[in-house]
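Chemist: Fold the following for me, if possible:
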Amino acid sequence: VQLVESGGGSVQAGGSLALSCAASGHILGSRCMGWFRQAPGKEREGVASIHTGGNSPDYADAVKGRFTISRDNAKNTAYFQMNSLKSEDTAKYYCAADVRSLSLELGRPNYWGQGTQVTVS
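Modeler: Sure thing, here's the model as predicted:
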């Protein structure tokens with residue numbers, strides 16, 4: 001499985017960005033997908049995950065109500081809509097497949113994208 005993120009960039013606080021994660025090499029339909037982020041000097045943290053059916057997504061408390069994860073299995077793509085962005089959301093965002101938990105201590109995803117930078121000023 002290869003994951004390629006797109007859609008990162010720079011935005012002012014309060015703005016929005018939309019990320020996409022396109023998969024190749026294997027269908028995503030059977031895999032739990034997620035988004036993680038890592039800010040400079042900080043550990044990578046889970047932000048959101050979504051199971052195969054797209055039901056009951058899970059979010060980190062820091063982004064609840066502002067970010068939305070979704071997926072289109074037919075297009076082999078996962079999405080991440082980020083609204084009301086804050087400076088503390090600045091980080092490199094990574095798409096992941098075979099997500100076990102938002103807490104990496106409980107298990108790491110099997111597959112990672114290369115990451116896309118999100119900068120909020």
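Chemist: and residue 42, how many neighbours?
Modeler: By other Cβ atoms under 10 Å, 9 other residues sit near residue 42. Where C-beta positions appear, they are placed from N, C-alpha and C, glycine not excepted.
Chemist: Helix or strand for it, just tell me which one.
Modeler: Using DSSP states H and E, residue 42 sits in no helix or strand.
Chemist: Tell me how far it lies from residue 10.
Modeler: 19 Å (Cβ to Cβ, to the nearest Å).
Chemist: Just the C-alphas of stretch 48-56, formatted as PDB.
Modeler: Only the C-alpha atoms of stretch 48-56 are listed here, as PDB (Å, rounded to 0.1, in the frame of the first residue of the first chain):
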ATOM      1  CA  ALA A  48      -8.600  11.200  13.600                       C
ATOM      2  CA  SER A  49      -9.500   7.700  12.400                       C
ATOM      3  CA  ILE A  50     -12.300   6.200  10.400                       C
ATOM      4  CA  HIS A  51     -13.300   2.500  10.000                       C
ATOM      5  CA  THR A  52     -14.100   0.700   6.800                       C
ATOM      6  CA  GLY A  53     -17.800   1.600   6.800                       C
ATOM      7  CA  GLY A  54     -17.200   5.200   7.500                       C
ATOM      8  CA  ASN A  55     -19.200   5.000  10.700                       C
ATOM      9  CA  SER A  56     -18.300   6.300  14.100                       C
END
